[in-house]
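Novice: heads up, no residue letters with this:
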């Protein structure tokens, strides 16, 4: 009986065990619970991983992989579907009168002369005049003795414009002693103005123009005149063969290291003196700039409040500020930067802050051999032409201040495909830099986010040229218009039909 009870108890326990662990319905329930729990764990884990990848801020000095930054830092979106369009319209006819002559003294530095010469080509066309190769300014700040042929390819200039304007190297001998009408053409003038000025041909066969800069308006000119200005500037005014040859070599040398930025660093004595900007300088340096400003007759403003200038965004960024700006945009310390500028005020004293962030700083004299640069060393305008070539061809161009060079390079880069040109918002940047100085903001992710957001629409994307500022009247209205040579859209830049 005992054995039977034992057997019966054992059998009952066995059935109970099988019913708990081997029942199909029980197995199904357990499987579903296990699967549900696994799915929950999986999504929770992925959410945590995603948060780490997407939301983790960069700490100071940390860099994202170069491939992740490439598009944002270097890409120009292949011109956005725009291309140059400078061919004359069907109504355009070649001029037929050649026995009237326009002589010109082209004033200013390289880029002021280039745009001025292009204006004079258009003016000669409007006035039905033969243009004599311009004489270049030898009395400007640069004190350069270079001739037109030293800087530009003279033969190419003449031949490239033969269907537009008759151009000669010098006046015919029989007119060398003839009386000339000396005429200061009005700034930002219209075609109608020059039609009226053409009345001078009744009394003179030669008209002399002492200044060439800004002789035509930016807007409201016939499209054929605007396109002629572009043909003159971007096609006819090619630099002389020695300059072109060395410029191309230097671009190749820079590109052999990868992408490069051309930085137009306007931290030069003349610019700091002209703008009255002394932030970060010692008292003796500030006094040196003040004396220069007082002794330069054609600079009308003598007493300038440096603090107000800087707060208004009217000062060139300092080398240190440029370094902070570029790192905030995401450019890594390994980035190659070509300094397109003259002598930097204070030399290494102020450049060291930029070099500490970007060791790969190069200049003309570090890219060339002594023999290559020797012929240009005493000719600032020719040296500036090398800077121009390297800047136009750069992957990214950044000017630390506005000016003739900055505007000309930006316009040229827009013309050839809207290459990336980053214009610093100096007024807003100064506010951020001052916060850093006060300890209210640090270099790092927050600054990077602010700077990147400020400049996402300041990188050379296509847009129509700005008109005059609201409320401006008379000549002031014309002065406030965006320069034609800074942005020749829409007259000289068209949207490609392929896009």
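Specialist: Arrived safely. From a predicted model like this one, the values you see are computed outputs, not experimental measurements.

Novice: what distance do you get for residue 424 to residue 93?
Specialist: For residue 424, the distance to residue 93 (CB to CB, to the nearest Å) stands at 45 Å. Every residue, glycine included, has its C-beta placed from N, CA and C.

Novice: these two: who's more crowded?
Specialist: residue 424 (25 against 9; other CB atoms under 10 Å).

Novice: any idea of the pLDDT on the more buried one?
Specialist: Turning to residue 424, the model gives it a pLDDT of 98.

Novice: where does residue 478 sit, in terms of helix or strand?
Specialist: helix 474-479 (DSSP states H and E).

Novice: tell me what the helix or strand following that helix is packed against?
Specialist: Scanning forward in sequence from helix 474-479 by DSSP H and E, the next helix or strand is strand 493-495. In terms of contacts (3 or more CB pairs under 8 Å, 6 or more residues apart in numbering; DSSP states H and E), strand 493-495 is packed against strand 82-84.

Novice: now the helix holding residue 478: how far from the chain's centre is it?
Specialist: 25 Å (CA atoms, centre = their mean, to the nearest Å).

Novice: same deal with stretch 425-437?
Specialist: Chain-centre distance of stretch 425-437: 20 Å, with CA atoms, centre = their mean.

Novice: buried residues in that stretch?
Specialist: Buried residues in stretch 425-437, defined by neighbour count with 16 or more other CB atoms under 10 Å: 425, 426, 429, 430, 432, 433.

Novice: which ones among those are found in helices?
Specialist: Within the buried residues of stretch 425-437, residues falling in helices by DSSP state H are 426, 429, 430, 432, 433.

Novice: what count of nearby residues applies to the closest residue to the last one other than its chain neighbours?
Specialist: Nearest-residue entry for residue 433: residue 321, 5.7 Å, with adjacent residues in sequence omitted and distances by CB to CB, 6 or more residues apart in numbering. Here the count is done by other CB under 10 Å, and residue 321 has 24 residues near it.

Novice: so where does residue 321 fall, helix or strand?
Specialist: Per DSSP H and E: helix 319-329 holds residue 321.

Novice: partners of the residue most central in space within the chain in the sheet?
Specialist: Residue closest to the average C-alpha location in the chain (CA atoms, centre = their mean): residue 421, at 3.8 Å. Here residue 421 sits in beta bridges with residue 397, as judged by DSSP bridges.

Novice: tell me the pLDDT of it.
Specialist: pLDDT at residue 421 comes out at 97.

Novice: which residues touch it?
Specialist: Going by CB atoms under 8 Å, 6 or more residues apart in numbering, residue 421 touches 396, 397, 398, 409, 410, 413, 414, 459, 460.

Novice: quick check on the residues you listed: which are buried?
Specialist: Among the contacts of residue 421, those classed as buried by 16+ other CB under 10 Å are 396, 397, 398, 409, 410, 413, 414, 459, 460.

Novice: for the third one, which non-adjacent residue is closest in space?
Specialist: Of all residues beyond its chain neighbours, the one nearest residue 398 is residue 422 (4.9 Å), with distances taken as CB to CB, 6+ apart.

Novice: also the last one?
Specialist: For residue 460, ignoring the flanking residues on the chain, the nearest one in space by CB to CB, 6+ apart is residue 421 at 3.7 Å.

Novice: just the fifth one next, same as before
Specialist: In this structure, residue 410 finds its nearest non-sequential neighbour in residue 421, 4.9 Å apart by CB to CB, 6+ apart.

Novice: gap between the residue lying closest to residue 277 once chain neighbours are set aside and residue 459?
Specialist: Of all residues not flanking residue 277 in the chain, residue 315 sits nearest, at 3.6 Å (CB to CB, 6+ apart). Per CB to CB, residue 315 is found 22 Å from residue 459.

Novice: what do you get for residue 297?
Specialist: Distance, residue 297 to residue 459, using CB to CB: 39 Å.

Novice: equivalent analysis for residue 95, please.
Specialist: 41 Å.

Novice: cool, residue 216 as well?
Specialist: From residue 216 over to residue 459 the distance is 28 Å, taken as CB to CB.

Novice: SS state for residue 354?
Specialist: Following DSSP: H, G, I helix; E, B strand; the rest coil, residue 354 is assigned to helix.

Novice: how about the strands of this protein, start to end?
Specialist: 82-84, 101-106, 130-132, 135-136, 167-168, 180-182, 206-209, 260-264, 336-339, 361-362, 396-399, 493-495 (DSSP state E).
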